[in-house]
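S.K.: One predicted model, sequence on top.
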Amino acid sequence: MTLPTPELHTERLRLRPFTDADAAPLYALHSDSHVLRYWDSPPWTDPARSQRFLSVCRTMEEEGTGARLAVERVSDGAFVGWCGLIDWNPDFRSAMLCYVFDPAAWGHGYATETVRGVLGWAFDTLDLNRVQADVDTRNGASARVLEKLGFVREGTLREDCVVNGEVSDSWVYGLLRREWRPADGRP
């Protein structure tokens with residue numbers, strides 16, 4: 001079963017399928033050690049890694065296991081990051097949320113706006129019942145994004161990752177369809 005990657009629009013952002021033109025900004029984002037300080041894999045050191053990432057995006061779509069969307073600002077078309085749903089399970093009606101943003105985009109509400117758009121698609125189009133996200137316990141900014149959108153911290157995965165050689169814990173967040181409140185406030 002395929003899962004076509006959508007094009008979504010928010011007030012300030014366009015979320016779209018990745019193209020080969022995204023390889024350079026994707027590499028810049030994922031090779032930045034500050035951006036990935038809480039990520040579960042080290043920064044990229046080989047530009048070819050971008051092409052492998054793009055190939056995985058296509059495979060996920062073809063296999064129906066997830067979708068990753070490039071995020072660009074509508075005002076100038078600048079690539080500001082990406083967001084995705086992975087581990088999509090249509091039987092359980094669940095998926096895992098992930099996102100990464102360029103430091104220049106931090107503090108402008110882009111992550112919240114992006115995730116809200118993806119959640120609308122997840123609950124309205126994919127008919128998901130649950131979206132989960134894992135956050136390094138040191139990443140307070142990401143935890144605040146999720147909490148603003150109604151995610152509930154459900155527990156802690158103790159020492160579940162090694163980030164830059166350091167063992168770290170993760171918080172597990174979940175958002176259920178019945179708890180979802182889109183921007184327009186409708187249940």
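M.R.: Looks like it came in fine.
S.K.: Which phi and psi values does residue 79 adopt?
M.R.: In terms of degrees, to the nearest 10, the main-chain angles of residue 79 are phi -70, psi 120.
S.K.: That one and residue 169, how far apart?
M.R.: Using C-beta to C-beta, to the nearest Å, we find residue 79 at a distance of 31 Å from residue 169. Where you see a C-beta, it was placed from the backbone N, CA and C, and this is true even at glycine.
S.K.: Next: residue 122.
M.R.: According to C-beta to C-beta, residue 122 stands 26 Å off from residue 169.
S.K.: On the three-state scheme, the closest residue to residue 73 other than its chain neighbours is what?
M.R.: Once flanking residues are discounted, residue 73 sits nearest to residue 80: 5.7 Å by C-beta to C-beta, 6 or more residues apart in numbering. In three-state terms, and counting by DSSP: H, G, I helix; E, B strand; the rest coil, residue 80 is strand.
S.K.: who are the neighbours in contact with residue 80?
M.R.: Applying C-beta atoms under 8 Å, 6 or more residues apart in numbering to residue 80 gives the contacts 13, 71-73, 101-102, 104-105, 110.
S.K.: hang on, the earlier thing: residue 122 and residue 169: which is more packed in?
M.R.: Neighbours per residue, other C-beta atoms under 10 Å: of residue 122 and residue 169, the larger number sits with residue 122, 25 against 14.
S.K.: check contacts around residue 78.
M.R.: Residues in contact with residue 78, defined by C-beta under 8 Å, 6+ apart, are residue 72.
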